[in-house]
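Enquirer: Sequence first, then the predicted structure, then my questions.
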Amino acid sequence: MNFVNIILIPLVPLAVFLLLGIFNQKIKPSVSGYIGVAGLLVSTLLSLNTAYQYFFVNGKADGVYQTFVEKTVWMNFTDTLAIDMGVQIDPISVMMLLVVSIVSLMVHIYSRGYMKGDDGYTKFFAFLSLFSFSMYGLVLATNLFQIYIFWELVGVSSYLLIGYYYTKPSAVSAAKKAFIVTRFADLGFLIGILIMGFYTGTYDFETLNNPEGSAILNWASTSFMGLSVLTWALILIFIGGAGKSAMFPLHIWLPDAMEGPTPVSALIHAATMVVAGVFLVARLFPMFYFVEEGFALNIVAYVGAFSSLFAAIIAITQTDIKRVLAFSTMSQLGYMMLALGVSGYEGHEGLGYMASMFHLFTHAMFKALLFLCAGSVIHAVHSNYLKDMGGLRKYMPITNITFLIAALAIAGVPPFAGFFSKDEILVAAFEHNKLIYFVGVFVAGLTAFYMFRIYFGIFWGKDTKYEHKPHESPISMTFPLLFLALLSIIGGFIPFSEFVTADKAGFEAHLNYPLAAIAVGVGLIGIALAWIFYKKENDLANKMVNFFGPVYQWTSDKFYFDEIYLFITKKILFDRVSAPIAKFDKKYVDGTMVGIGNKTVLTSEKIKGMQSGKVQDYAFAFIAGVVIIALVFIYLWTD
Amino acid sequence: MDFSNFLLMRHEIILLAITLLLIVAEVFIPQNKKPSIVHLAILLFGIHTIIGFLPATDGNLFGGMFRTNGLIHLFKNVLNVGVLILLLQSADWLQEKIVRQNKGTEFFILLFSSLLGMYFMISSGDFLMFYLGLELSTLPVAALAAYETANRKSSEAGVKLILSSALASGVSLFGISMLYATSGSIYFNDIIQMITSTDLTILGMILFFAGLAFKISLVPFHFWTADVYEGAPISIASFLSVISKGAAVFILMILLFTVLKPLMHVWENIIYVVAVLTMFIGNLFALRQQNMKRFLAFSSIAQAGFILLGLIAGSQLGTATVVYFVLIYVFSNLAAFGVVQAISLQTGKENINDYEGLYRTNPNLSLVMMLALFSLAGIPPVAGFFGKFFLFTAAASQGYYVLVFLAVVNVTISLYYYLLVVRAMFLRKSDNPIPFFKNKIYMRLGLLITVLGILVLGLYSPLYDYIYELSGIFN
């Protein structure tokens, strides 16, 4: 492998960041946009070259993809524990390089149109480059310590980008919330790393993940509260991943983070940063799988499944289209987690692992597309709310078609990309855990429903009177839409199982037709329900009839059906299930986190009186402190 | 005793010579040339700092009262670098003082005397030398805290510091006398042989510990900190929070790891409790501060709590991580104080909400401040992150998982208030922002060095390897 090319991939965006950051005032905005795009283009080409070289030329030996590591010892932390810096090339890191490159490049191009005329245009591109650099660093990391540094850097750049509209108080508080909640999760990650380092004597992924290595073979040698210490470390590391990947209950920052500019949401909160948690679990997958017979992996599966369901239900009730997409992202991330959770290791057993990575890849494309479409819509109507939209298909044909493609992809309709990856996930779940399988199928239905709810709401529905006539976005914005739409159509045909697998050996995956039929059926039911519901809500009956003619006839006893349907959706699903869950989320899950913060501030208010300003009081406290410490440690606490 | 032995204490001799030279200069330089004393002092101290880095040998002097080795040498160099940065940042302020109020030289004389005291304290081989060093390092600072004689708050700070430190050193001396009573010697090497875990020695150790805990401002011996920092000139607040604290940490570490090693089963619990209290109290108070100097006072209390995590590890790793952390802390905290100093000097503003909109008017200063706060908060990839991460690893390696957890919780709390300042500077708008101004050359140099330190120290690993190697002497 040519490591010089690979190391350049993160370094080019870093150079762009430094250039734009230092000469912020001196560079014309139009030029800085081109610099940003050019930098990412170089990285993308290098990534494509790397992927080609790795997957097709020299990555394989004896039918197994090799792991290439180029590293130097950065620091000898103690006599036995060294910390390295380097890059690691294996199937998942190469795949992530592609994901980050493609989405980031598209977002860069799109931002040139979307952010046009903005005050801090250059600053924005500088932050985007900083983010791309950190994300590349994260996926290429060779060890836990290195990944943690980039992990935090990604957090910082995300903080800067969410808070980009710094004149908006909600954006600022969202940025702070995102930063602090994920930092809170990172506490777990950090302690997990410390424990891992000290019990295994290494931070290196390659050494840790070796199924015949001492780390995995000796997991039983130490235990703490009934579990192996390594299981604890893995659970703590997973908490860090859950924070970044917005798993329940650490998801509360993600909906608020939608305050950032929409291209940022597409890049960070749909395609790249939020999948870092999934990537982390995948990165340590052999450890998760082998240590204590996969105890920690089970937790991953159930947390993933629950988050997936929870978020899909909430997504139904949201009226801000970006928030629907945010909850949808959370739900799909849950899908990836549960797929990892039910996966085995060798050959076809590792279907879940492969499916998870596959879904990560396809989801990145179609969810980025959805966000960019949403951005295009918001750009046109200047609102995030469904109530201000409707009938936009006439004004924005390209956005309409590309959004529809993405929605079909996420709903799992063949032959769009989401169908293939989702099918593999459901097959894996079906083979290992029926409960999770049913959750998965149900979520598939919900996903199709809420996604088409907003699709119809935006592009069909009522013919809203617009103050300014909306128009299609400029080419710089529609080109990325078309490109990502193309990937959302063909992405599913990539034979992923030959490239990215848990044991790196590759196997043949086949469609499981009965299960695929069930999944597609459930998806179509969701779409149909959305269509009926939004037809009834708006005076669009005739247009709908024309569009969905045969299906419409089939449900022509509509009066009855609608009544039942309305009762079920409105009275039961909305009022009794979804709304309370959304409220629970807002009030308790979010409330607890905010509450902890408020309590801290309150406590600090209460103890303020201790600092009186009188030297006598200080002397008293000093002597009292000495006396208490002496009494305690001489008489009470002696061991 | 042969003459070359004096080379062992070259730090002390050169610094003393510089101090005396400055006294002579004060007398002989005519009034209208007085401001150039600042240049002279900085030049001389700069040379002294560079000489400090020349290789040194280990050895004892005066029958073991004074000792030095590679690690102690490194401690002194760390303090030197800190003082040099501090002098650069104070230069403009001092020149103004000299011109307006005809005072200034005594600043250097007092400051250097205090530093000399710290040298002796760190190098001490017995409790007598230790105590002399401790007093010499404290008393001049009390005079310096009251330096702004026209300002009531400054005088108040001086009085508070002298009263509190008199109490602390009294208590400490009482403790030392108990250790002497049980072991029959004041020499550290003898005490190690004799010390046993009796009630009296434990009491002696606790009293002695209180004296140093006062200097490091550990809870509950921290009360003087905020008032003194607020009232004292910024340079002195900065000196107290960085140099004085660093020196006290070094000597506490030396004593805990050598003389008091037999009592480790007691002091590790004391440190545990004090660390938790210090981190929480420091952070909770910092949340509410409006004045930058008070804010930094509580932040530096909380930082001291983190340092204890390395002390509790009590090993080569613990030593290395503490030294490394203190070094990084010197740069980060001096950067923060430097910005406060620069702004206060130009505008007299010292409150957090005065900083609103600073990024628009003074982008460079706010970037320095942001780096400093990120480093104090421990956000990678700036140096502060590595310092904290290594401290936590040291504590975790000894199995203190709960303590590490509490510390990490505190890191998150601290992040909140550090971000408050960052938010004020970058994200808030102000009707009355601090206008743009250009710093003079010394201040810019002082800030530049700190920024380089913050950016480079964390990533430059040979430095850690070097510290780790030197730290082996305690094993």
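Expert: Sure, I can see it.

Enquirer: for A:Ala448, helix, strand, or coil?
Expert: Classification of A:Ala448 into helix, strand or coil gives helix, according to DSSP: H, G, I helix; E, B strand; the rest coil.

Enquirer: wait, doesn't it sit right on A:Val520?
Expert: No - contact criterion CB atoms under 8 Å: A:Ala448 and A:Val520 do not qualify, at 9.6 Å. All C-beta spots, glycine's among them, are computed from the backbone N, C-alpha and C.

Enquirer: the more surrounded of these two?
Expert: Taking neighbours as other CB atoms under 10 Å in any protein chain shown, A:Ala448 and A:Val520 compare with A:Ala448 leading, 27 against 19.

Enquirer: that older thread, residues shared between the contacts of A:Ala448 and A:Val520?
Expert: Contact criterion CB atoms under 8 Å, 6 or more residues apart in numbering or on different chains; residues shared by A:Ala448 and A:Val520: A:Gly412, A:Val413.

Enquirer: Strands along the stretch 1-150 of chain A, start to end?
Expert: With DSSP state E, counting those that start in this stretch as the definition, the stretch 1-150 of chain A shows strands at residue ranges A:60-61, A:64-65, A:68-76, A:82-89.

Enquirer: now the first one, how far from the centre of its chain.
Expert: I take that to be strand A:60-61. For strand A:60-61, the gap between its own C-alpha mean and the chain's C-alpha mean amounts to 31 Å (CA atoms, centre = their mean, to the nearest Å).

Enquirer: Give the pairing partners of it; include direction for each.
Expert: Applying DSSP bridges, strand A:60-61 is found paired with strand A:64-65 (antiparallel).

Enquirer: What are the contacting residues of the partner strand?
Expert: Counting by CB under 8 Å, 6+ apart, residues outside strand A:64-65 touching it are A:Tyr54, A:Phe55, A:Gly59, A:Asp90, A:Pro91, A:Phe499, A:Asp503, A:Lys504, A:Ala505, A:Gly506.

Enquirer: Just give me the least confident of the residues you listed.
Expert: Per-residue confidence over the contacts of strand A:64-65 reaches its minimum at A:Gly506, where pLDDT is 73.

Enquirer: For B:Glu135, which non-adjacent residue is spatially closest?
Expert: The spatially closest residue to B:Glu135, leaving aside those adjacent along the chain, is B:Ser169, at 6.2 Å (CB to CB, 6 or more residues apart in numbering or on different chains).

Enquirer: for B:Val322, same thing?
Expert: Using CB to CB, 6+ apart and skipping residues adjacent in sequence, the residue nearest B:Val322 is B:Gly310, 3.7 Å away.

Enquirer: Just the CA trace of the helix or strand where that neighbour lies, in PDB.
Expert: Assigned by DSSP states H and E, B:Gly310 belongs to helix B:292-313. The C-alpha atoms that make up helix B:292-313 are tabulated as PDB, following Å, rounded to 0.1, in the frame of the first residue of the first chain:
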ATOM      1  CA  MET B 292     -12.100  36.800  35.600                       C
ATOM      2  CA  LYS B 293      -9.500  36.800  38.400                       C
ATOM      3  CA  ARG B 294     -11.800  35.100  40.800                       C
ATOM      4  CA  PHE B 295     -12.900  32.700  38.000                       C
ATOM      5  CA  LEU B 296      -9.400  31.700  37.300                       C
ATOM      6  CA  ALA B 297      -8.800  31.400  41.100                       C
ATOM      7  CA  PHE B 298     -11.400  28.700  41.400                       C
ATOM      8  CA  SER B 299     -10.500  27.100  38.200                       C
ATOM      9  CA  SER B 300      -6.900  26.800  39.500                       C
ATOM     10  CA  ILE B 301      -8.300  25.300  42.700                       C
ATOM     11  CA  ALA B 302     -10.100  22.600  40.700                       C
ATOM     12  CA  GLN B 303      -6.900  22.000  38.600                       C
ATOM     13  CA  ALA B 304      -5.000  21.400  41.800                       C
ATOM     14  CA  GLY B 305      -7.600  18.700  42.600                       C
ATOM     15  CA  PHE B 306      -6.700  16.900  39.400                       C
ATOM     16  CA  ILE B 307      -3.000  17.000  40.200                       C
ATOM     17  CA  LEU B 308      -3.700  15.000  43.300                       C
ATOM     18  CA  LEU B 309      -4.800  12.100  41.100                       C
ATOM     19  CA  GLY B 310      -1.200  11.700  40.000                       C
ATOM     20  CA  LEU B 311       0.100  12.000  43.600                       C
ATOM     21  CA  ILE B 312      -2.200   9.200  44.700                       C
ATOM     22  CA  ALA B 313      -0.800   6.900  42.100                       C
END
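
Enquirer: In whichever helix or strand comes after that helix, which residues are buried?
Expert: Using DSSP H and E, the helix or strand that follows helix B:292-313 towards the C-terminus is helix B:316-347. Counting neighbours by 16 or more other CB atoms under 10 Å in any protein chain shown, one finds that the buried residues in helix B:316-347 are B:316-346.

Enquirer: What is helix B:316-347 packed up against?
Expert: In this structure, helix B:316-347 makes packing contacts with helix B:70-101, helix B:234-238, helix B:245-257, helix B:292-313, helix B:363-377, helix B:383-397, helix B:441-456, helix B:461-470, judged by 3 or more CB pairs under 8 Å, 6 or more residues apart in numbering or on different chains; DSSP states H and E.

Enquirer: any chance of those in JSON lines, plus mean neighbour count and mean pLDDT?
Expert: JSON lines is the format used below for the helices and strands packed on helix B:316-347 (neighbours: other CB atoms under 10 Å in any protein chain shown; pLDDT from 0 to 100):
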{"stretch": "helix B:70-101", "mean neighbour count": "21", "mean pLDDT": "88"}
{"stretch": "helix B:234-238", "mean neighbour count": "26", "mean pLDDT": "91"}
{"stretch": "helix B:245-257", "mean neighbour count": "24", "mean pLDDT": "91"}
{"stretch": "helix B:292-313", "mean neighbour count": "26", "mean pLDDT": "90"}
{"stretch": "helix B:363-377", "mean neighbour count": "23", "mean pLDDT": "88"}
{"stretch": "helix B:383-397", "mean neighbour count": "26", "mean pLDDT": "87"}
{"stretch": "helix B:441-456", "mean neighbour count": "19", "mean pLDDT": "89"}
{"stretch": "helix B:461-470", "mean neighbour count": "17", "mean pLDDT": "83"}
